[in-house]
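Participant: When you get a sec, could you give me coordinates for this:
(chains A, B and C)
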Amino acid sequence: MPEGHALHRLANQQTAQFAGRPVRVSSPQGRFAESAARLDGRNLLRVEAHGKHLFQVFDPRDAIVHIHLGLYGKVAAGTGAPPEAKGALRLRLIGPGADGEGQWADLRGATACDLITGPERAAILDRLGPDPLRRGGGTAVDGAIAGARIARSRVAIGALLMDQTVLAGVGNVYRAELLFRHRVDPLLPGKLLPPEVWEAMWADLVVLMRAGVRAGRIVTTERAHRDRRTGPPRALDRTYVYRRTGLPCRICGTEIATAPMVGRNLFWCPGCQHPGAADGLR
DNA sequence: TAGAAATGTTTAG
DNA sequence: TAAACCTTTCTAT
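Facilitator: Below is the predicted model of the structure:
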């Protein structure tokens, strides 16, 4: 489930599991075997997320495992004895854990799993826009940096939100939900988005993505947040428009529409999201 | 059992 | 713009 919130959650989890201790590193599938052998037994200093990228920093610090889950990469993790290694298991970490109980984490299906250097990591970070979840991210300054890019672009806001050089961590779900929450037409060119609307969207994104890290999934509906004590929300109750094609809009009843945009399915409400409907323009 | 789709990115043309 | 990457899950047959 890899939008930015999932990677930050994963970084927190792996830091808790392994940081500051020696880690057994292997690649049962073989594809990462050479690098795994070089890392095996070394200390894992920390694990960090930037946008949708994960970095496992080993001692000495110039040895970094760069992971990008892509569309279907997954990490399974647990305590105690790891399960029998089967299938395409790219990377397995095993550590002693803080209390001596064994910790393990298995990576499959990732687009990227590479051993890189500090400068290579810096080059990746250079390509990324501000991340609403980075420490100090979520500040108005970071929001303004992304906002400046948006304000001078003729590209549609629905495309800009997916551009990781504009801002890092938003994917197809947050894109659709954020646009709906602010009643923004996805086709609106960036330069026509009023600055005060972008400010509100950025602030909202910080709140939504932090909630996503805590919950381990994307929940954007007020109703699901309100009802959270009655149990976990059903999938279709968690979103306003994402994957709700043909269902009535929760606000106005219009059928939710879908069409490809930047190679991905975009979902929106034609009744709520049209020119002139955005925050601050009502 | 087969097929499609999925929260993503890079590279080639 | 399309293909490739490579895995799981859901739906249809």
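
Participant: Spell out which residues of the stretch 51-200 of chain A are next to DNA strand B.
Facilitator: A:51-52, A:68, A:70-72, A:111, A:127, A:162, A:164, A:171-173 (Cβ under 7 Å from any atom of the strand). Using the backbone N, CA and C atoms, a C-beta is placed for each residue, glycine as well.

Participant: are any of those buried, and which?
Facilitator: A:51, A:52, A:68, A:162, A:164, A:171, A:172, A:173 (16 or more other Cβ atoms under 10 Å).

Participant: which among those gets closest to DNA strand C?
Facilitator: Checking those against DNA strand C with Cβ to the nearest atom of the strand, the nearest one is residue A:68 at 9.8 Å.

Participant: which residues touch the nearest residue to the closest one once chain neighbours are set aside?
Facilitator: Leaving aside its sequence neighbours, residue A:68 sits nearest to residue A:112 (Cβ to Cβ, 6 or more residues apart in numbering; 3.9 Å). Applying Cβ atoms under 8 Å, 6 or more residues apart in numbering to residue A:112 gives the contacts A:66, A:67, A:68, A:70.

Participant: Backbone dihedrals for residue A:112, both of them.
Facilitator: phi -130, psi 130 (degrees, to the nearest 10).

Participant: For the helix or strand of chain A with the lowest mean pLDDT, give me every contacting residue.
Facilitator: The helix or strand of chain A with the poorest confidence is helix A:222-226; it has a mean of 75 (mean pLDDT, DSSP states H and E). Applying Cβ under 8 Å, 6+ apart, the contact partners of helix A:222-226 are A:211, A:219, A:233, A:237, A:238, A:250.

Participant: And it, how far out from the chain middle?
Facilitator: Taking Cα atoms, centre = their mean, to the nearest Å, one finds helix A:222-226 lying 21 Å from the centre of the chain it belongs to.

Participant: which element is residue A:93 on?
Facilitator: strand A:89-95 (DSSP states H and E).

Participant: Show me what that strand pairs with in its sheet, parallel or antiparallel.
Facilitator: Strand A:89-95 has the following strand partners under DSSP bridges: strand A:24-26 (antiparallel), strand A:103-108 (antiparallel).

Participant: May I see those strands organised as a markdown table, with mean neighbour count and mean pLDDT added?
Facilitator: Converted to a markdown table, these look like this (neighbours: other Cβ atoms under 10 Å; pLDDT from 0 to 100):
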| stretch | mean neighbour count | mean pLDDT |
| --- | --- | --- |
| strand A:24-26 | 20 | 94 |
| strand A:103-108 | 21 | 93 |
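
Participant: of all those strands, which lies closest to DNA strand C?
Facilitator: The nearest among the strands paired with strand A:89-95, by Cβ to the nearest atom of the strand, is strand A:103-108 at 4.3 Å.

Participant: Can you get me the centre-to-centre distance for the closest one and its chain?
Facilitator: 19 Å.

Participant: could you pick out which of the contacts of helix A:222-226 are near DNA strand B?
Facilitator: Within those, nothing lies near DNA strand B by Cβ under 7 Å from any atom of the strand.

Participant: measure residue A:3 to DNA strand C for me?
Facilitator: 16 Å (Cβ to the nearest atom of the strand, to the nearest Å).

Participant: The closest residue to DNA strand C within the stretch 51-200 of chain A: what's it in contact with?
Facilitator: Closest contact between the stretch 51-200 of chain A and DNA strand C, by Cβ to the nearest atom of the strand, is at residue A:88 (1.9 Å). The contact partners of residue A:88, taken as Cβ under 8 Å, 6+ apart, are A:29, A:31, A:108, A:109.

Participant: Within range of DNA strand C, give me the residues from chain A.
Facilitator: A:29, A:31, A:70-72, A:74, A:87-88, A:90, A:108-109, A:111, A:263.

Participant: Just the residues you listed: which are in strands?
Facilitator: Within these, residues falling in strands by DSSP state E are A:74, A:90, A:108.

Participant: What helix or strand is residue A:266 located in?
Facilitator: Counting by DSSP H and E, residue A:266 is found in strand A:264-268.

Participant: quick one: residue A:174 and residue A:6 touch, right?
Facilitator: No: Residue A:174 is not in contact with residue A:6 according to Cβ atoms under 8 Å; the separation is 11.1 Å.
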